[in-house]
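> Prediction below, plus the sequence it came from.
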Amino acid sequence: MSIDRAVMAFAGVVILASVGLGLAVHPYWFWLTALVGANLLQASFTGFCPLAMLLRKLGFKPGAVF
């Protein structure tokens, strides 16, 4: 799996989990959804993603973006 796909998969899991927690536990969990969305947006402009750097160190294959 490439770093690009792993980043997108991780973001999707965190977003779905935070929406579920926001509906079931407390609405403050929706802030996590907003944080992940903001990080994806800034990564699209800057190319900087801390998760991508971590995945590269763990040995994931580079993708087209990261």
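Right, received. Where do you want to start?

> tell me, which helix in this protein spans the most residues?
The longest helix of the chain (DSSP state H) is helix 3-24.

> What separation is there between residue 1 and residue 21?
26 Å (Cβ to Cβ, to the nearest Å). Where C-beta positions appear, they are placed from N, C-alpha and C, glycine not excepted.

> Nearest to the middle of this protein, which residue? Look it up for me.
With distances taken as Cα atoms, centre = their mean, the chain has residue 11 as the residue nearest its mean C-alpha position (2.9 Å).

> And residue 1 and residue 21? Which one has more around it.
For residue 1 versus residue 21, neighbours defined as other Cβ atoms under 10 Å are more numerous around residue 21 (16 against 10).

> Now that one. Nearest residue, chain neighbours left out?
residue 29 (4.0 Å; Cβ to Cβ, 6 or more residues apart in numbering).

> got the contact list for the one you found?
Residues counted as contacts of residue 29 (Cβ atoms under 8 Å, 6 or more residues apart in numbering) are 18, 19, 21, 22.

> make it 7 Å
18, 21, 22 (Cβ atoms under 7 Å, 6 or more residues apart in numbering).

> One more: residue 57?
Contacts of residue 57 (Cβ under 7 Å, 6+ apart): none.

> Kindly report the same for residue 49.
Contact analysis of residue 49 by Cβ under 7 Å, 6+ apart lists 7, 43, 66.

> Got phi/psi on the second one?
The phi and psi values for residue 43, taken as degrees, to the nearest 10, are phi -70, psi -30.

> thinking again about what came up before, please tell me how far the residue nearest to residue 21 sits from residue 66.
Distance of residue 29 to residue 66, given as Cβ to Cβ: 27 Å.

> With residue 16 instead?
From residue 16 to residue 66 the distance is 22 Å (Cβ to Cβ).

> Name the residue in those two with the higher neighbour count.
Set side by side, residue 16 and residue 66 show more neighbours around residue 66, with 19 against 11, by other Cβ under 10 Å.

> For the more buried one, which non-adjacent residue is spatially closest?
Residue 66 sits nearest to residue 52 (Cβ to Cβ, 6+ apart), 3.7 Å away.
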